[in-house]
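A.B. asks: Structure for this input, please:
(chains A, B, C and D)
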There are 4 protein chains.
Amino acid sequence: MRHLEPTRRDAAEFPFRLEGRARFHHTDAMGVVHHASYLGFLEDARVEYLRAVGRPYGELRASGIEFAVIGVQVAYLAPLRFDERFTVHAGVAHVRRSSFAMEYLVEREDAARVLAGFTLHAALSTTSGTPVRVPEWIGPLVRPVS
Amino acid sequence: MRHLEPTRRDAAEFPFRLEGRARFHHTDAMGVVHHASYLGFLEDARVEYLRAVGRPYGELRASGIEFAVIGVQVAYLAPLRFDERFTVHAGVAHVRRSSFAMEYLVEREDAARVLAGFTLHAALSTTSGTPVRVPEWIGPLVRPVS
Amino acid sequence: MRHLEPTRRDAAEFPFRLEGRARFHHTDAMGVVHHASYLGFLEDARVEYLRAVGRPYGELRASGIEFAVIGVQVAYLAPLRFDERFTVHAGVAHVRRSSFAMEYLVEREDAARVLAGFTLHAALSTTSGTPVRVPEWIGPLVRPVS
Amino acid sequence: MRHLEPTRRDAAEFPFRLEGRARFHHTDAMGVVHHASYLGFLEDARVEYLRAVGRPYGELRASGIEFAVIGVQVAYLAPLRFDERFTVHAGVAHVRRSSFAMEYLVEREDAARVLAGFTLHAALSTTSGTPVRVPEWIGPLVRPVS
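C.D. replies: Presented below is the predicted three-dimensional model:
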């Protein structure tokens, strides 16, 4: 896993956002959203972002490619409690030949930064499971850190 | 879904038991195991029971049959808290032509009854998804309520 | 657990609906939404329904009452696959002195009935955990089966 | 989040191991264990390791300290499929004044490396939520990378 510096970008620098709300089934006995639940939030934002750029994930898989998660690197900055609303900001951080990184910032409704981090993805053949080239349309989605 | 009377059987009447422990990721902000987490406990016991009677689920699927969950009927009788140990008692309650019911009793380490209930399963073809006969070896597993 | 007949009501007979989409983290290796994931969908609809009638769950707990899940009875009627949209229809089925039942119908975007069922809830004191009267405002929400 | 180099340690260098099995409710529609499910496996190993060194988590919380997850950094190296057994190897990687890192290696029953990574934890007061000193007994658990 490559080491990436969790974002210092402002929310406004991300191309996509998805709203959500902390549910009971996301929380744990400490009274806050469980750290694993956030990976679902990031996944939801990733899938919706692909749809928003005209690349629904179902079509991608039908075309023979899937994006496996090969790494996760997140910092938890503040807690989310039951029923609090949040926004996941998402974008593509970099693209390599057969992998790419997505970057995220999760903010609470009071604008507190809740999570910052990355997921790393390999482009794989859905039939053989072997690495393939990342589709060309991903490259232009990258927004280099300013 | 057929209506089944949640078990009044004693733990000793069940043919199989699986031990577990309540984890943080099973709990919610009420401080107890979330009601959906128990369905995983029942599933684990079901799969291990099949293995114990010589019918690992992977072999079943390889033979072209899968057991889809078509109903759940459970009563929650007492809470489980983080780190408490529990036992899932499981057995086959009845068998029909292309479906069968599993029965469960979950007890806490202090012997309190935590959950009693059933899951209903349809035998389906893994290729077509259409109903098939329940395999013959399931019938003898039924223990009628005394 | 009282035995309830899973709904034969039409979607139009329910007072509340919540839209959702099947996510990867809801699915299992059979390729469809895992049966436990639906309990989260029902919970989300329940919480949003309470908010819609002016009774956000956080305020309820702040007032000293919580609604513990004491029973689940659901029939799974058709599968949901990754990325399919669905609607949870929800309403109050009956009210007793210290418990009540919620009724649900989940429909796929193609209008196929995916799940029908109930959750049973006990009104408990948040401090002592003992049963209390169901708040008066719930009674008028009941829509008896026609 | 500090950047840590995912382990190149052999399994034998870790002080603790926990056995597990991939369940249906851990998998997703790609047919493999979902990336978020592994965080539960790591949590289970962490809690059991603390118990094994005589520091059950419940006692820790009763003493007024909890270990919040403030970072996760994991690399997914190979897939786990339904019913495959795995071993989580765990240890303490480093300790700071009010935080520490746990290190993990997950291996499949065929000895393939499935996951390598870290979780970062802050020692917090259970009452105020503010940082406190990491308990003294954690320091001696560190095994520096050789």
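A.B. asks: Stretch A:59-73 vs chain D: in contact?
C.D. replies: Yes. Stretch A:59-73 is in contact with chain D by C-beta under 8 Å from any C-beta of the partner chain, via A:66, A:68-73. Placement of C-beta: from N, CA and C, glycine included.
A.B. asks: Now for the residues you listed: which two are most distant?
C.D. replies: Pairwise distances across these (C-beta to C-beta) peak at 20.8 Å, for the pair A:E66 and A:Q73.
A.B. asks: separation between the residue positioned nearest the centre of chain A and chain B?
C.D. replies: Nearest to the mean C-alpha position of chain A, counting by C-alpha atoms, centre = their mean, stands A:L42 at 4.0 Å. Look at A:L42 and chain B: by C-beta to the nearest C-beta, to the nearest Å, they are 17 Å apart.
A.B. asks: which SS class is that residue?
C.D. replies: On the three-state scheme (DSSP: H, G, I helix; E, B strand; the rest coil), A:L42 is labelled helix.
A.B. asks: Beta-bridge partners for the residue nearest to it when sequence neighbours are not counted, please?
C.D. replies: Of all residues not flanking A:L42 in the chain, A:Y104 sits nearest, at 5.2 Å (C-beta to C-beta, 6 or more residues apart in numbering or on different chains). With DSSP bridges as the criterion, A:Y104 is bridged to A:A90, A:G117.
A.B. asks: quick one: contacts for A:Y104?
C.D. replies: Taking C-beta atoms under 8 Å, 6 or more residues apart in numbering or on different chains, we find A:Y104 in contact with A:7, A:42, A:45, A:74, A:88-90, A:115-119.
A.B. asks: Residue numbers of chain A in contact with chain B?
C.D. replies: Near chain B, when you scan chain A using C-beta under 8 Å from any C-beta, you find A:24-25, A:27-32, A:34, A:36, A:81-82.
A.B. asks: Pretty sure the residue nearest to the centre of chain A sits against A:L120.
C.D. replies: No. Between A:L42 and A:L120 there is no contact under C-beta atoms under 8 Å: 11.8 Å.
A.B. asks: OK, contacts around A:G31?
C.D. replies: Residues near A:G31 by C-beta under 8 Å, 6+ apart: A:81-82, B:29, B:31.
A.B. asks: Name only those of those that count as buried.
C.D. replies: The neighbour count (16 or more other C-beta atoms under 10 Å in any protein chain shown) marks A:82, B:29 as buried among those.
A.B. asks: can you redo the contacts of A:G31 as JSON lines with distance to D:W137?
C.D. replies: Below are these laid out as JSON lines (distance: C-beta to C-beta, whole Å):
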{"residue": "A:R81", "distance to D:W137": "31"}
{"residue": "A:F82", "distance to D:W137": "33"}
{"residue": "B:A29", "distance to D:W137": "29"}
{"residue": "B:G31", "distance to D:W137": "26"}
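A.B. asks: hang on, A:P140 is in a helix, isn't it?
C.D. replies: Yes. The assignment for A:P140 (three-state DSSP) places it in a helix.
A.B. asks: how many other residues sit next to it?
C.D. replies: Close neighbours of A:P140, defined as other C-beta atoms under 10 Å in any protein chain shown, add up to 10.
A.B. asks: How about the residues of chain A by chain C?
C.D. replies: A:23-25, A:39-40, A:43-44, A:47, A:56-58, A:82-83.
A.B. asks: what about the strands in chain A?
C.D. replies: A:16-21, A:65-76, A:85-95, A:99-108, A:113-125 (DSSP state E).
A.B. asks: Which secondary structure element of chain A has the lowest mean pLDDT?
C.D. replies: The helix or strand of chain A with the lowest confidence, counting by mean pLDDT, DSSP states H and E, is helix A:57-62 at a mean of 94.
A.B. asks: Identify the residues contacting that one?
C.D. replies: The contact list for helix A:57-62 (C-beta under 8 Å, 6+ apart) reads A:47, A:50-51, A:66-67, A:126, A:135, C:82-83.
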